[in-house]
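# Fold the following, please.
(one chain, ligands or ions: 1)
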Amino acid sequence: MKEVVYLDNNATTRPAPEVVEAMMPYLTERYGNPSSIYSFGGDVKKEVDKARAQVAALLNCSPEEIIFTSCGTESDNMAVRGRLLASKERSAIVTTKVEHPAILNTCRSLKTHGSRVEEVGVNYDGALDMEQLKGSLLSDVAIASVMWGNNETGVIFPIAKIAEMVKEKGIVMHTDAVQAVGKVPIDLAKVPVDMLSLSGHKLHAPKGIGALFVRKGTKIAPYMTGGHQESNRRGGTENVPYIVGLGKACELAMNEMEGQVKKISTMRDRLERELLRLCPNTTSNGANSERLPNTTNISFQYVEGEAILLLMNELGICASSGSACTSGSLDPSHVLKAMDIPFTLLHGSIRFSLSHYNTEEEIDLVIKELPPIIKRLRDISPFGRAD
Ligand code: PLP
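Numbering: from 1, shown residues only. Alright, predicted model coming up:
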């Protein structure tokens, strides 16, 4: 396989070798069903419980407050839909304009079923409009869902402060922390959210496993009905190998995050600084706000993000653009649009997201190769700007 410089870790991450190794016995000889009475199954249940404790340790919550799911999207659906199913009098939802589609499209779908949905805006730096949020917390609101860290810009919202505001009004608070877990410390003894979503494949576990933290006492109804698994909160035979993998990934994050984050943010800062220095008419979106340590979202004015990606792809450099190419149309990023980023910057935005598997040599390569690509594209740009 072609060597790649993988700078798209907010899309997915490389499963850690330690994670894969921990999973292997449960994909091969230890295949018992954890619900079985005999010890071939019961012993496997102990591993599920161990993984639950590993996830809980990373978040500083109790293992009983962790429900395993199939992904971040399911966790988000379980939080929002499960809360609405349990809430008799209240049906409104407060969220933000910059959430991942897992939340935005869930809320918009519930809107068509009669829920009032308010999407709170952000400013040019990606910071949440706290006044609008405060004003939106009315007596009909069943749940507020505000993300911890943005997947496109890395902008971090002040979740502890937001949760306090929300809780003061007696409203259940959920946060989509899919991009934050494993990148920033999370202490649920100090941050009063009621629910928190995470996803394995964003922190070096495989795709197909996630979890939802539900604080003891929070009223939600099961969203995935079926068997009695997960203490009657989520039906479906437990995905043991993947649960074990997620547990191991959380243990690794707990032990190694601090050192890794220093390395990652040093590389991210150098990449950003050098690209801004070497490419004129270039800005970094959200850089004035607190951000996830691994993410930079750079707009190269007068060029198309997709063209940059294609030329980088020829060199094996993987990143992503703010535009989502769906059904033949190029939709600019809803996150950058909400930030009011001007048109010519909106279309030339590239997200680089790093992990501890990246090296300084890879960053050198991007710093060397990308500025000539931008120059080449600007020379042929229909906007007629050659910088
Ligand atoms: N929430 C955020 C902020 C994300 O970035 C993602 C994935 O990119 C998701 C939710 C969905 O997670 P999953 O891919 O595990 O369904």
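# so what does the strand or helix carrying residue 25 touch, helix or strand wise?
Here residue 25, judged by DSSP states H and E, is contained in helix 17-27. With contacts taken as 3 or more Cβ pairs under 8 Å, 6 or more residues apart in numbering; DSSP states H and E, helix 17-27 sits against helix 240-278. No exception for glycine: its C-beta is placed from N, CA and C like everyone else's.
# Enumerate the residues of the protein near the ligand.
Applying Cβ under 6 Å from any ligand atom, we find that the chain lies next to the ligand at 71-73, 76, 100, 102, 147, 151, 176, 178-179, 199, 201, 210.
# The helix holding residue 25 vs helix 240-278, what angle?
Here the directions of helix 17-27 and helix 240-278 differ by 160 degrees (axes from the mean of the first three to the mean of the last three Cα atoms, to 10 degrees).
# Just give the closest residue to residue 353, not the sequence neighbours.
Using Cβ to Cβ, 6 or more residues apart in numbering and skipping residues adjacent in sequence, the residue nearest residue 353 is residue 10, 3.8 Å away.
# dump the residue contacts of that neighbour.
The neighbours of residue 10, taking Cβ atoms under 8 Å, 6 or more residues apart in numbering as the test, are 151-152, 154, 179, 202, 294-295, 320, 351, 353.
# mind redoing it with 7 Å?
Neighbour list for residue 10: 151, 179, 295, 351, 353 [criterion: Cβ atoms under 7 Å, 6 or more residues apart in numbering].
# of these, closest to the ligand?
The shortest approach to the ligand among the contacts of residue 10 belongs to residue 151, at 3.3 Å (Cβ to the nearest ligand atom).
# By mean pLDDT, point me to the weakest helix or strand of the chain.
strand 324-326 (a mean of 48; mean pLDDT, DSSP states H and E).
# Show me the domain layout of this structure.
For the chain, automatic domain parsing gives the domain ranges 5-12+257-379, 17-252.
# what's the least confident stretch among these?
Here the domains of the chain differ in mean pLDDT, and the lowest is domain 5-12+257-379 at a mean of 93.
# For that one, measure first residue to last.
26 Å (Cα to Cα, to the nearest Å).
# cool, and stretch 57-64?
Rule used - Cα to Cα; the end-to-end distance of stretch 57-64 is 12 Å.
# how about it: buried residues?
Using 16 or more other Cβ atoms under 10 Å as the test for burial, stretch 57-64 gives 58-59, 61.
# residue in the protein nearest to the ligand?
For the chain and the ligand, the shortest gap (Cβ to the nearest ligand atom) falls at residue 72, measuring 2.6 Å.
# ok, and the closest non-adjacent residue to that residue?
residue 199 is the one closest to residue 72 (Cβ to Cβ, 6+ apart), at 3.2 Å.
# OK, contacts around that neighbour?
Counting by Cβ under 7 Å, 6+ apart, the residues that residue 199 touches are 71-72, 178, 210.
# That one and residue 64, how far apart?
In this view, residue 199 and residue 64 are 21 Å apart by Cβ to Cβ, to the nearest Å.
# Also residue 341?
Noted for residue 341: a distance of 43 Å to residue 64, by Cβ to Cβ.
# ok, now residue 118?
Residue 118 is 32 Å from residue 64, where distance means Cβ to Cβ.
# My read is that residue 191 contacts residue 163, right?
Yes - between residue 191 and residue 163 a contact is recorded at 6.0 Å, counting by Cβ atoms under 7 Å.
# Not counting sequence-adjacent ones, nearest residue to residue 344?
Nearest in space to residue 344, with sequence neighbours left out and distances taken as Cβ to Cβ, 6+ apart, is residue 301 at 5.1 Å.
# before we move on, what about residue 6?
residue 318 (5.1 Å).
# Let me see the ranges of the strands in the stretch 51-200 of the chain.
With DSSP state E, counting those that start in this stretch, the ranges of strands along the stretch 51-200 of the chain come out as 66-69, 92-96, 117-120, 141-145, 172-176, 195-199.
# any residues touching the third one, and which ones?
Looking back up the chat, that one is strand 117-120. Strand 117-120 has contacts (Cβ under 7 Å, 6+ apart) with 93-97, 107-108, 110-111, 128-129, 132-133, 136.
# swap the cut-off to 10 Å and go again
91-99, 103-104, 106-111, 128-138, 141, 144, 146, 162, 338 (Cβ atoms under 10 Å, 6 or more residues apart in numbering).
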